[in-house]
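Chemist: Have a look at this fold, sequence not included:
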């Protein structure tokens, strides 16, 4: 059985603020994702994989710049998905790696990358499997903006407002998941 914290601790100092932000955020996402999986047993989700992937979905953040939470890397934050994929593929976790890459927003298409000149690989990075969708959806409910906000769950309307700036199609995708998962 995989222990996500063992992998996280290969890359993060457990005494650091960044470790705290990562693990606390990931626990909240995992809890929400497992609740969604439980509520949607008729879809036959793999709960163990969902837990592991939710705990590891942001493993690449240390390679990015987000000083407010202790990220001192040299890449823009939007890169943490594909960077996390690289890490988890090296760890021998290819399915978990895809969750890392595909969880940003409600997914990033090749068209998004090209149209917005994003510093990302030119490929579709959108959730495909049920488990990827559940983790991505659960992630939208939690922010890493300060220790006090880590455990506050966002409302559906707050999430919609944050997504609309990336295009109405992103809100439509989110709303499809709201309907699918019964949130």
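Modeler: Here it is on my side, so go on. Keep in mind that this is a model prediction, so the values were computed, not measured.

Chemist: elements contacting the lengthiest helix in the chain?
Modeler: If you go by DSSP state H, the chain has its longest helix at helix 17-39. Here helix 17-39 touches helix 4-11, helix 47-56, helix 130-139, going by 3 or more C-beta pairs under 8 Å, 6 or more residues apart in numbering; DSSP states H and E. C-beta: built from backbone N, CA, C; applies to glycine.

Chemist: Residue 116: which of the ones you listed is closest?
Modeler: With C-beta to C-beta as the criterion, residue 116 lies closest to helix 130-139 of those, at 18.9 Å.

Chemist: The helix or strand that comes right after that closest one: how far from the chain's middle?
Modeler: Next helix or strand after helix 130-139 toward the C-terminus (DSSP states H and E): helix 156-164. How far helix 156-164 lies from its chain's middle: 16 Å, per C-alpha atoms, centre = their mean, to the nearest Å.

Chemist: before we move on, what about stretch 1-20?
Modeler: In this view, stretch 1-20 has its centroid 16 Å away from the chain centroid, taken as C-alpha atoms, centre = their mean.

Chemist: Could you pull out the buried residues of it?
Modeler: Buried residues in stretch 1-20, defined by neighbour count with 16 or more other C-beta atoms under 10 Å: 2, 4, 7-8, 11-12, 18-20.

Chemist: Could you do stretch 169-178 as well?
Modeler: Neighbour counts over stretch 169-178 (16+ other C-beta under 10 Å) mark 170-171, 173-174, 177 as buried.
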